[in-house]
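In: Just a sequence and a predicted model for now, questions to come.
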Amino acid sequence: MKYSLFIMSIILLSLSACAQEKKGKGIQWMSIEEAQTQMKLKPKKVYIDIYTDWCGWCKVMDKKTFTNAKVIEYMNEHYYAIHMDAETADSMFFNGKKYGRLPDSKTNELAAEFMQYKLSYPTSIFCDELFANPNPVPGYLDIPTIEMILTYIGSNKHKSLPFEKYKETFKSTWE
């Protein structure tokens with residue numbers, strides 16, 4: 001009996017360690033407040049994933065897009081990544097302002113503001129450093145699409161090349 005408990009404890013500890021190791025290899029999601037603090041130390045581009053718990057395509061994006069090793073690597077290197085529940089009851093603080101739910105709505109005002117009040121889930125928001133020039137892209141983004149947009153903004157090509165021109169010559173390599 002003692003031997004079985006000992007073996008079971010070892011197995012549980014091993015599984016826990018593996019889960020922690022696997023968790024550390026994903027996208028380094030942070031809150032909007034954490035991103036603002038990090039931005040002061042080291043400016044980076046910002047990616048905001050606005051989702052809801054009930055959104056099916058949000059779950060597909062979590063399982064397929066956000067688990068791709070190349071997406072994870074590029075996102076963690078070039079962006080502060082924020083996973084924002086559009087329907088959170090918690091207040092959020094951004095640029096010195098407190099954001100809560102919109103009146104008569106389940107939607108958080110900051111999420112709605114980032115989506116330019118066009119509520120659609122999921123919505124990806126791509127921003128320059130210091131949260132400048134937020135660009136909302138509604139809908140599910142597969143790996144080639146998110147690669148195209150992440151690299152377009154992450155490499156600063158958006159500052160000198162129209163997106164349509166970039167799109168014409170883009171070749172996906174992350175799948």
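Out: Good, I have the coordinates.
In: Okay, now the unreliable bits of the chain?
Out: Applying pLDDT under 70 to the chain flags the ranges 1-24.
In: can you give me the helices in the protein?
Out: 2-24, 32-41, 56-60, 69-78, 109-114, 143-154, 163-169 (DSSP state H).
In: can you list contacts of the fourth one?
Out: Right, the one you point to is helix 69-78. 25-28, 44-45, 47, 65-66, 81, 143, 146-147, 150-151, 154, 173-174 (C-beta atoms under 8 Å, 6 or more residues apart in numbering). Yep, even glycine has a C-beta here, placed from its N, CA and C like the rest.
In: let's go with 6 Å and repeat that
Out: 27-28, 45, 81, 150, 154, 174 (C-beta atoms under 6 Å, 6 or more residues apart in numbering).
In: Which residues are in contact with residue 29?
Out: With C-beta under 6 Å, 6+ apart, residue 29 has these contacts: 81, 83.
In: what do you get if the cut-off is 8 Å, keeping everything else the same?
Out: 81-83.
In: among those, who's most crowded?
Out: With neighbours defined as other C-beta atoms under 10 Å, the most crowded of the contacts of residue 29 is residue 82; it has 23 neighbours.
In: Next, the contact list for the closest residue to residue 112 other than its chain neighbours, please.
Out: Among residues not flanking residue 112 along the chain, residue 102 sits closest, at 6.0 Å (C-beta to C-beta, 6 or more residues apart in numbering). Neighbour list for residue 102: 108-109, 112 [criterion: C-beta under 8 Å, 6+ apart].
In: how much space is there between residue 102 and residue 157?
Out: For residue 102, the distance to residue 157 equals 35 Å [C-beta to C-beta, to the nearest Å].
In: Residue 56: neighbouring residues, count only.
Out: There are 11 residues near residue 56, going by other C-beta under 10 Å.
In: how close does it sit to residue 122?
Out: Taken as C-beta to C-beta, the span from residue 56 to residue 122 is 10 Å.
In: And residue 57, by the same measure?
Out: In terms of C-beta to C-beta, residue 57 sits 6 Å off from residue 122.
In: Can you pull the residues that touch both of those two?
Out: The contact lists of residue 57 and residue 122 share 139-140, where a contact means C-beta under 8 Å, 6+ apart.
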